[in-house]
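S.K.: just to be clear, the model below is a prediction. Sequence and coordinates:
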Amino acid sequence: MRRTALFLAGVAATALMAGSANATLLDFTTSIWTTTETGDSTTSKTRDIGDIRVRLTGSGGNLTFTSFDGNPASDPNPCPGGNRTPALACSTDGAGIGDDEITSPLVQAGEDLLVEFFDPTTGAPLTVSLQSFDFLDLFAINRDTNDLLGVEVASWRANSGSVSPGSAEGEVGSPDPGGDRTGWLMTDVSGDVSSLTFFVADTAPSNTDFALAAITATVPGDNGGGTDVPEPATLALIGSGLAGLGLLSRRRRIRA
């Protein structure tokens, strides 16, 4: 019986230690991206977030971070007081290109957003394990015609690592009377990567445009400098260990 208790306690302890490698929220809607720092250019910005250096580079136009223009009062939204934990800052819509967002090549050719990860100490490329992407202004309607014939689609591809090419559609929902929505979508991803590109495929509706709002990733040696996000697997391990200890304690009380 004692061995069982020690084993279950070990499961919970192991889970807690595993939790030290928390995921980090890389929020592109914060005001740190709207300032101009040494080394920045009109098409590229680099910032250190926790134990990761993130470089964003736009192709086909200047890198832009336009003010948040959603309607969190009536829309599901990732902003403070909204529907995401942890919330995004929502100072801006996130990273876009040109006049506002990453746009369909059928409207504006060549708009791609390159995201690269580096070790802030050595400057060497850094591989991170992806968990999710957040997009803003990714709509499930054509805002010009107010119908579902123009569902917007964001796409990505890895330039290195094990992440498969993917895409995400705006989620269907009733637009506000004025057509003003956040267009927020959070989608799960997995795989290891040090560089990836976000774009609009030429097969997507021509009205497609979107902003990259955030990336959540596990960073090796994360010291918590970013916003930590509990990992589901860690929580499950802790729950299993504690549940087992509770069941064992209950059996002891019954026998007594």
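M.R.: The structure has been received and is ready for your questions. Note that this is a predicted model, so its numbers are computed, not measured.
S.K.: surely D134 is in a helix?
M.R.: No. Per DSSP: H, G, I helix; E, B strand; the rest coil, D134 lies outside any helix segment and is strand.
S.K.: that one reaches G183, doesn't it?
M.R.: No. D134 is beyond contact range of G183, at 10.9 Å (criterion: CB atoms under 8 Å). For glycine as for every other residue, the C-beta is placed from the backbone atoms N, C-alpha and C.
S.K.: okay, those two: which has more neighbours?
M.R.: Set D134 next to G183 and count neighbours by other CB atoms under 10 Å: G183 wins out with 28 against 24.
S.K.: the more buried one sits in which helix or strand?
M.R.: G183 belongs to no helix or strand when elements are defined using DSSP states H and E.
S.K.: try I215
M.R.: Here I215, judged by DSSP H and E, is contained in strand 209-218.
S.K.: show the average pLDDT along that strand.
M.R.: The average pLDDT within strand 209-218 is 95.
S.K.: tell me what it is packed against?
M.R.: Where contact means 3 or more CB pairs under 8 Å, 6 or more residues apart in numbering; DSSP states H and E, strand 209-218 is packed against strand 23-27, strand 96-97, strand 102-103, strand 112-118, strand 128-136.
S.K.: quick one, which of those strands gets closest to N207.
M.R.: Each of the helices and strands packed on strand 209-218 has some distance to N207 by CB to CB; the shortest is strand 102-103, at 9.5 Å.
S.K.: name the helices or strands packed onto the closest one?
M.R.: strand 209-218.
S.K.: what's the angle from the strand it packs on to strand 23-27?
M.R.: Computed by axes from the mean of the first three to the mean of the last three CA atoms, to 10 degrees, the angle separating strand 209-218 from strand 23-27 equals 150 degrees.
S.K.: tell me the angle strand 209-218 makes with strand 112-118.
M.R.: Using the same axes, to 10 degrees: strand 209-218 against strand 112-118 is 20 degrees.
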